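Asks: what would the 3D arrangement of this be:
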Amino acid sequence: QVQLVESGGGLVQAGGSLRLSCAASGSIFSRNAMGWFRQAPGKEREFVTAVSRGGGSTYYADSVKGRFTISRDNAKNTVYLQMNSLKPEDTAVYYCAAAGLIGYMTETPPRTNYWGQGTQVTVSS
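Replies: Numbering: from 1, shown residues only. Next up is the predicted model:
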């Protein structure tokens, strides 16, 4: 049973923008912090950003600060990742995740409860 469903990936030129979405079942969404990770070819999965259950706290990896914005719509059970000023090094499969607390997202390994199937983002130079 698929619990988290990502969408919005694609091909974009450097400097462009994309918005990813992740829809979750209501029981998952309301009880979890939500976040995004990414995995580039040949590299380990890395934390990108997370938002707390209420939306009041956010964390960002240094590599995306000022360019990416995470938000959640609790009425739609959906979390978004707005990606601006994209760079070729942002190319990766992006995964949505849910964890009990926002801090769990940045642990190694992340203490997540659910993962999405991933969506490809490709940034051309």
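
Asks: in the helix or strand bottoming out on mean pLDDT in the chain, what counts as buried?
Replies: Sorted by mean pLDDT, DSSP states H and E, the helices and strands of the chain end with helix 26-29, the least confident at a mean of 86. By 16 or more other CB atoms under 10 Å, the buried positions in helix 26-29 come out as residue 29. C-beta coordinates here come from the backbone N, C-alpha and C atoms, glycine included.

Asks: contact partners for residue 28?
Replies: 3, 4, 77, 98, 113, 114 (CB atoms under 8 Å, 6 or more residues apart in numbering).

Asks: centre-most residue in the chain?
Replies: The centroid of the chain falls nearest to residue 36 when counting by CA atoms, centre = their mean (2.0 Å).

Asks: what helix or strand is that residue on?
Replies: Residue 36 belongs to strand 33-39 when assigned by DSSP states H and E.

Asks: show me what that strand is packed up against.
Replies: Strand 33-39 makes packing contacts with strand 18-24, strand 46-51, strand 68-73, strand 78-83, strand 92-99 when contacts are defined by 3 or more CB pairs under 8 Å, 6 or more residues apart in numbering; DSSP states H and E.

Asks: could I get the ones you listed as a markdown table with mean pLDDT, distance to residue 108 and mean neighbour count?
Replies: Formatted as a markdown table, the helices and strands packed on strand 33-39 follow (pLDDT from 0 to 100; distance: least, CB to CB, whole Å; neighbours: other CB atoms under 10 Å):
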| stretch | mean pLDDT | distance to residue 108 | mean neighbour count |
| --- | --- | --- | --- |
| strand 18-24 | 97 | 22 | 20 |
| strand 46-51 | 98 | 9 | 22 |
| strand 68-73 | 97 | 20 | 18 |
| strand 78-83 | 98 | 21 | 22 |
| strand 92-99 | 98 | 13 | 23 |
